[in-house]
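Peer 1: Sequence first, predicted coordinates after that:
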Amino acid sequence: MWPPMQGNMNLPWYFLHHEGKATNVFEGHQYGRTTSILTSQIKILLYHHQQSSDRLNTRWFNSTTTAMPRQKITLFFDLHSPYSYLAFYVLKNSPIFKQCDTTYIPVLLVAFIKLVGLNPPWSSPNKVNYLWTDMARWCAEYNIPWKQGFPENYPFKVTTLKIQRILTACMIESPLCHADLVAALYHAFWVEKKGVQLPEVHEPIVIKILGQNVGTRIIERSTSEEVKALLKQNTEDAVASGAPGLPWIKAVNATGREECFFGFDHIGQVTRFLGLEKLNGPHL
């Protein structure tokens, strides 16, 4: 019978073997309770009494107290970027990425474009026309919700400055709800084609997802100098890390190695770098 039962309910015969030294790690502890923390790569020698004889059997178990670090992903995004929508949707919803710790960092696309000195894709009619064709293909292949056409107030009749600040404030005020808020806004923007840049459109969505009290507090906080500075810093951090555009993905694998990837079409490289299962799809 294992574990052996004694009058004082102590657990005898557990010894920690590490570097040739034996130590009783359960000394003075009651059955069912353990308070010792085992160090990494140790062997626990289990002596247990057999009912049928007095003979002791030994069994060795390799044990580690430090689990393999989880892979980490950081997505820099602006709601204005349709390819960032694709990256966000797959990172949030694909079961392949559930084992990763994923963070979504709001940046401001108009400021980003100025910092890196690019011409925006909407400055070229050919690029815009191809963008809709390409988006429709990706969404069909990966079952991502999508509706053709421009959202209201797109591209820059009104910028995403206010809503990106709200998302930045949400990261501070209500981080556990941040991804759900991003998802709701992306759906409104790229599927329902609503102009989420406008307060009369995005504020009801914020209240619906976060609740009246928290939502109102976050909307108010979004105008603070703290949040303005943080959004600016997020944008500068993305550029400083080498981002040529959005979406920009930082990935850290289980060994602690970091690499960066640009564009939704490179998300397959992200999975391979992190040692994840392959995404189903012809391009990834």
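Peer 2: Now that the structure is in, tell me what you want to look at. Numbering: from 1, shown residues only.

Peer 1: Identify the bridge partners of the residue most central in space within the chain.
Peer 2: With distances taken as Cα atoms, centre = their mean, the chain has Thr102 as the residue nearest its mean C-alpha position (0.9 Å). When assigned by DSSP bridges, Thr102 has beta-bridge partners Ile73.

Peer 1: so what's it up against?
Peer 2: Lys72, Ile73, Thr74, Leu75, Leu91, Lys92, Ala179 (Cβ atoms under 8 Å, 6 or more residues apart in numbering). Yep, even glycine has a C-beta here, placed from its N, CA and C like the rest.

Peer 1: Then Gln197?
Peer 2: Asn153, Val158, Thr159, Thr160, Leu161, Lys162, Ile163.

Peer 1: Quick check: the gap between it and Trp122.
Peer 2: 14 Å (Cβ to Cβ, to the nearest Å).

Peer 1: Ok, Val227 next?
Peer 2: For Val227 relative to Trp122 (Cβ to Cβ), the value is 27 Å.

Peer 1: quick one: which of these two has more around it?
Peer 2: More crowded of Val227 and Trp122, by other Cβ atoms under 10 Å: Val227, with 23 against 14.

Peer 1: What does the pLDDT read for that one?
Peer 2: Looking at Val227, its pLDDT stands at 98.

Peer 1: so it touches Ile172, yeah?
Peer 2: Yes: counting by Cβ atoms under 8 Å, Val227 touches Ile172, with 7.3 Å between them.

Peer 1: Have a look at the chain and report the helix or strand with the lowest mean pLDDT.
Peer 2: Every helix and strand of the chain was ranked by mean pLDDT, DSSP states H and E. The lowest is strand 42-49, at a mean of 33.

Peer 1: Extract the residue ranges of this protein that are flagged as low pLDDT.
Peer 2: 1-67, 156, 281-284 (pLDDT under 70).

Peer 1: those helices in it, which residues are they?
Peer 2: In the chain, the helices defined using DSSP state H lie at 82-93, 109-116, 125-142, 161-173, 178-190, 199-210, 212-221, 225-240, 267-274.

Peer 1: Output the second one in PDB with nothing but the alpha carbons.
Peer 2: I take that to be helix 109-116. C-alpha atoms of helix 109-116 as PDB (Å, rounded to 0.1, in the frame of the first residue of the first chain):
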ATOM      1  CA  LEU A 109      -0.500  54.100 -38.300                       C
ATOM      2  CA  VAL A 110      -0.500  57.700 -39.600                       C
ATOM      3  CA  ALA A 111       2.400  58.500 -37.200                       C
ATOM      4  CA  PHE A 112       4.100  55.200 -38.100                       C
ATOM      5  CA  ILE A 113       4.000  56.100 -41.800                       C
ATOM      6  CA  LYS A 114       5.600  59.400 -41.200                       C
ATOM      7  CA  LEU A 115       8.300  57.900 -39.000                       C
ATOM      8  CA  VAL A 116       9.400  55.300 -41.600                       C
END
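
Peer 1: what sits up against it?
Peer 2: Here helix 109-116 has contacts from 78, 80-81, 119-120, 156, 159-161, 232, 235-236, 238-239, 243-246, using Cβ under 8 Å, 6+ apart.

Peer 1: Now do the buried residues in stretch 114-127.
Peer 2: Leu115, Pro120, Pro121 (16 or more other Cβ atoms under 10 Å).

Peer 1: Mind putting these into a markdown table with distance to Thr255?
Peer 2: A markdown table is the format used below for the buried residues of stretch 114-127 (distance: Cβ to Cβ, whole Å):
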| residue | distance to Thr255 |
| --- | --- |
| Leu115 | 32 |
| Pro120 | 37 |
| Pro121 | 36 |
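
Peer 1: Please identify every residue contacting each of Val227 and Ile172.
Peer 2: Each of Arg221 lies in contact with both Val227 and Ile172 under the rule Cβ under 8 Å, 6+ apart.

Peer 1: And stretch 72-82, end to end?
Peer 2: Its start and end residues considered, stretch 72-82 measures 23 Å (Cα to Cα, to the nearest Å).

Peer 1: right, I mislabeled it, should have said stretch 237-248
Peer 2: By Cα to Cα, one end of stretch 237-248 lies 11 Å from the other end.

Peer 1: what's around Glu258, how many residues?
Peer 2: For Glu258, using other Cβ under 10 Å, the count is 12.

Peer 1: got a list of what it touches?
Peer 2: Counted by Cβ under 8 Å, 6+ apart, Glu258 has contacts Lys250, Ala251, Val252.
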